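1. coords below, sequence missing:
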């Protein structure tokens, strides 16, 4: 192999090696992807302490809406800090159905019975959206929070998703502390892991970032 | 405390304890949030092997658009698999500027010099978007990939973001293998950690999920 005066490979060598490496990578990737033939509605969970769980959930909602799919959104416990998403979804009112059930985070209401009733109502709406097959994707935003507080029995939610979710419907569930039972039956699980957070340096929640 | 015949706490007790716990939680949270007073444009990085990096990036774009902010999007290496986002963004053509620079992933082009030229062109567009102060948020989608292959010098990118990014502009950078130098200067970093992925069970990339 040709090398420069300093013993390093020339640009042309780097280019040639790169092309060969990428050719192999593409061949390997194409071979793997050829084995991926199943199309089915997925159960997707975004959990973890980092940011991006609901944000990626809404990202999937917009991606699906971009394809012209009908989408359902049920917000289980979000309060006032969701104005950006709500306003953006208004431009897709022909395709999206949004139900906001929660009255805020649980430390805002401080009323367990009201929270339980709101969770039950939201879950009934979500089940109906999923069962109806009218929506290609249903986002159950912050459902994990409700499950963590046992406002809904995890067994009931798992049984429904495993046995009654139609094959063609994607369901996305967000919120930290996802229960093991849910992770067990999910197809795709991502843990948003916090590496650095600006609140630590005194930065406040800002429009377009947190809400 | 009153307990049932089986020794368990009554529902009323649970409710009272819950209210007290949540009252304390709200007080603690309010106190913490009162110390968060700084408003500034953030440098946000989504990295890691899991799904949701670009998706959460686009989620932030839509959230910002919902607020009526102008937003810039530069896609550094995405190929054909981004149709959903692109079509959804068309409904916000009054607010968003999108530049697609990459011709595909690097294993598709297999041409290092073309990739380097495309990366340079995309970075020039991104810099101009950030510097102009016309956009409240600029998404540099998959910039980490370009940096990982050294198609752009990390020092140049870090110097620009640290010294030339206007105070009021949020910049979101996505892609796996974020360089340490970038994480070092970022305000908010999330690692999307893969827990479960459906490709493993033969499921193919699907419309609305992967693209």
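-> Alright, I've got the coordinates. Values in this document were obtained by computation on a predicted structure and should not be read as measured data. Residues are numbered from 1 along each chain as shown, chains lettered A, B, ... in the order given.

2. what does the average pLDDT come to for the biggest helix by length in chain A?
-> Ranked by residue count under DSSP state H, the longest helix found in chain A is helix A:11-34. The average pLDDT for helix A:11-34 rounds to 84.

3. Need the three-state assignment for the residue nearest the centre of chain A.
-> Against the mean C-alpha coordinate of chain A, by Cα atoms, centre = their mean, the closest residue is residue A:57 at 3.2 Å. Under the three-state scheme (DSSP: H, G, I helix; E, B strand; the rest coil), residue A:57 adopts helix.

4. Identify each buried residue in the longest helix of chain A, please.
-> A:15, A:18, A:22, A:26 (16 or more other Cβ atoms under 10 Å in any protein chain shown). Bear in mind the C-beta positions are built from the backbone N, C-alpha and C, glycine included.

5. List the strands paired with the very next helix or strand once past that helix, with their directions.
-> The element immediately downstream of helix A:11-34 (helix or strand, assigned by DSSP states H and E) is strand A:43-47. Within its sheet, strand A:43-47 is paired with strand A:170-174 (parallel), strand A:188-196 (parallel), according to DSSP bridges.

6. Same list (these) but as CSV, adding mean pLDDT.
-> Output for the strands paired with strand A:43-47, formatted as CSV (pLDDT from 0 to 100):
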stretch, mean pLDDT
strand A:170-174, 98
strand A:188-196, 94
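
7. Pipe the ones you listed into TSV and attach mean neighbour count per row.
-> Supplementary listing: the strands paired with strand A:43-47 in TSV, determined by neighbours: other Cβ atoms under 10 Å in any protein chain shown:
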stretch	mean neighbour count
strand A:170-174	26
strand A:188-196	21
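
8. can you put these in TSV and add distance to residue A:62?
-> Putting these into TSV (distance: least, Cβ to Cβ, whole Å) gives the following:
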stretch	distance to residue A:62
strand A:170-174	12
strand A:188-196	17
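
9. ok, back up a step: restrict the buried residues of helix A:11-34 to those near chain B?
-> A:15, A:18, A:22, A:26 (Cβ under 8 Å from any Cβ of the partner chain).

10. wait, the first one sits on residue B:115?
-> No. Here residue A:15 does not reach residue B:115: they are 9.9 Å apart, not a contact under Cβ atoms under 8 Å.

11. now the helices for chain A?
-> In chain order, chain A shows helices spanning A:11-34, A:53-66, A:83-89, A:106-109, A:112-131, A:143-148, A:154-163, A:180-185, with DSSP H as the criterion.

12. Just the angle for the first one relative to helix B:112-131, thanks.
-> Which is helix A:11-34. 90 degrees (axes from the mean of the first three to the mean of the last three Cα atoms, to 10 degrees).

13. Report all helices and strands that helix A:11-34 contacts.
-> Contacting helix A:11-34 under the criterion 3 or more Cβ pairs under 8 Å, 6 or more residues apart in numbering or on different chains; DSSP states H and E are the following elements: helix B:106-109, helix B:112-131.

14. weakest of these in terms of mean pLDDT?
-> Across those, helix B:106-109 has the smallest mean pLDDT, namely a mean of 68.

15. what comes up buried for stretch A:156-166?
-> Within stretch A:156-166, the residues that count as buried by 16+ other Cβ under 10 Å are A:157-158, A:160-161, A:165.

16. Make CSV out of those residues and add distance to chain B and pLDDT.
-> Compiled in CSV, the buried residues of stretch A:156-166 are given as follows (distance: Cβ to the nearest Cβ, whole Å; pLDDT from 0 to 100):
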residue, distance to chain B, pLDDT
A:157, 18, 98
A:158, 15, 98
A:160, 20, 98
A:161, 15, 98
A:165, 15, 97
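
17. State the number of residues packed around residue A:55.
-> Burial measure for residue A:55: 27 neighbouring residues, criterion other Cβ atoms under 10 Å in any protein chain shown.

18. do the same with residue A:48
-> Close neighbours of residue A:48, defined as other Cβ under 10 Å, add up to 25.

19. repeat for residue A:153
-> Neighbours of residue A:153 using other Cβ under 10 Å come to 10.

20. For residue A:168, give me its contacts.
-> Contact analysis of residue A:168 by Cβ atoms under 8 Å, 6 or more residues apart in numbering or on different chains lists A:40-41, A:133, A:136.

21. Likewise for residue A:172?
-> Contacts for residue A:172 (Cβ under 8 Å, 6+ apart) come out as A:44-46, A:57, A:60-61, A:137-140.

22. Return the member of the residues you listed nearest to residue A:202.
-> Proximity of the contacts of residue A:172 to residue A:202 (Cβ to Cβ) peaks at residue A:46, which lies at 27.2 Å.
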